[in-house]
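Student: sequence-free structure coming up:
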């Protein structure tokens, strides 16, 4: 196999032993798509900071055997970065989650705002949550993350505000403060930073007030008006870069 060693996730207990078995779609991918052979190396994470390097001992579409040859532990990144994303129409949230996970965002909360174009019943909400979990896991696998991100929602504005921890920021075009300035003034020593991005129509004054009451500071991302799916990525990039987690 050429390029980066294939990367997979496994349950923490599976990485405790010296040998393990890769099954399901991951085994089929190795045997059929990657055409792996005994002796090839793979990397496997428990999603909680541990990554092992394992050498394949047997390869079949139904099961791939491997022996662990190296083990590393990556501390949880700090500060913890969260994006609270307003529910958007179509598959916009799918893309937001994919990009944010690849960038290293630790938690994504999806909330339904008053101006959210999408209106989902509980059945559709449940289906969306499962789809987002799959998208996040695949994005984490593609980007070789040691820590799996957390996902929450769709939930209400009140719940999204209540779940914020640490330094809170609300992306708002009319805000008098810039995100980078607030980070410079208040970000030192922060253990967690959460950024709220509204849906297509933005947040109402009442919703901004709700997030502000939870401790979030309205901030501008710049003079341009950004689409919701762009604003989330820009906000995450600025926060991650400020704390040295990107770039």
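Tutor: Now that the structure is in, tell me what you want to look at. Just so it is clear, the model here is predicted, and its values are computed rather than measured.
Student: What is the least confident helix or strand in the chain?
Tutor: Every helix and strand in the chain was compared by mean pLDDT, DSSP states H and E; the lowest is helix 122-142, with a mean of 90.
Student: Name the residues that touch that one?
Tutor: Helix 122-142 has contacts (CB atoms under 8 Å, 6 or more residues apart in numbering) with 7-9, 47, 93-94, 97-99, 101-102, 108, 110, 120, 148-149, 151, 153-154. All C-beta spots, glycine's among them, are computed from the backbone N, C-alpha and C.
Student: what about the protein, any weak spots by pLDDT?
Tutor: Across the chain, the ranges flagged by pLDDT under 70 are 1-3, 117-120.
Student: If we use 50, what do you get?
Tutor: The model of the chain has pLDDT under 50 over residues 1-2.
Student: Would you map the strands across it?
Tutor: Secondary structure of the chain (DSSP state E): strands at 7-9, 19-23, 41-45, 50-60, 63-73, 80-86, 107-112, 150-156, 167-171, 192-197, 216-219.
Student: Please produce TSV containing the ones you listed, extended by mean neighbour count.
Tutor: Converted to TSV, the strands of the chain look like this (neighbours: other CB atoms under 10 Å):
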stretch	mean neighbour count
strand 7-9	18
strand 19-23	16
strand 41-45	20
strand 50-60	18
strand 63-73	15
strand 80-86	27
strand 107-112	22
strand 150-156	18
strand 167-171	26
strand 192-197	26
strand 216-219	21
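Student: Hmm, residue 199 is touching residue 93, no?
Tutor: No - in this structure residue 199 lies outside contact range of residue 93 using CB atoms under 8 Å: 9.4 Å.
Student: quick one, which of these two is more surrounded?
Tutor: Taking other CB atoms under 10 Å, residue 199 and residue 93 do not tie; residue 93 has more neighbours (26 against 22).
Student: separation between the more buried one and residue 58?
Tutor: As judged by CB to CB, to the nearest Å, residue 93 and residue 58 stand 40 Å apart.
Student: and what of residue 139?
Tutor: From residue 139 to residue 58 the distance is 29 Å (CB to CB).
Student: just residue 91 next, same as before
Tutor: Distance of residue 91 to residue 58, computed by CB to CB: 39 Å.
Student: cool, residue 188 as well?
Tutor: Residue 188 is 52 Å from residue 58, where distance means CB to CB.
Student: Buried residues, stretch 24-42. List them.
Tutor: Applying a neighbour-count criterion of 16 or more other CB atoms under 10 Å, one finds 26, 27, 28, 29, 30, 31, 36, 40, 42 buried in stretch 24-42.
Student: I figured the third one hits residue 63, correct?
Tutor: No - under the criterion of CB under 8 Å, residue 28 is not in contact with residue 63, lying 9.9 Å apart.
Student: Just want the most central residue of this protein.
Tutor: Computing the C-alpha centroid of the chain and ranking residues by CA atoms, centre = their mean puts residue 101 first, at 3.2 Å.
Student: OK, contacts around it?
Tutor: Counting by CB under 8 Å, 6+ apart, residue 101 touches 108, 135, 136, 139, 140, 143, 145, 149.
Student: Same check on residue 71?
Tutor: Contact analysis of residue 71 by CB under 8 Å, 6+ apart lists 15, 50, 51, 52, 53.
Student: Not counting residues beside it along the chain, what's closest to the third one?
Tutor: Nearest non-adjacent residue to residue 51, counting by CB to CB, 6 or more residues apart in numbering: residue 45, 4.6 Å away.
Student: what about the one you found, distance to residue 165?
Tutor: Applying CB to CB, the value for residue 45 to residue 165 is 24 Å.
Student: Equivalent analysis for residue 25, please.
Tutor: 34 Å.
Student: repeat for residue 188
Tutor: Counting by CB to CB, the gap from residue 188 to residue 165 is 17 Å.
Student: same thing with residue 127?
Tutor: For residue 127, the distance to residue 165 equals 28 Å [CB to CB].
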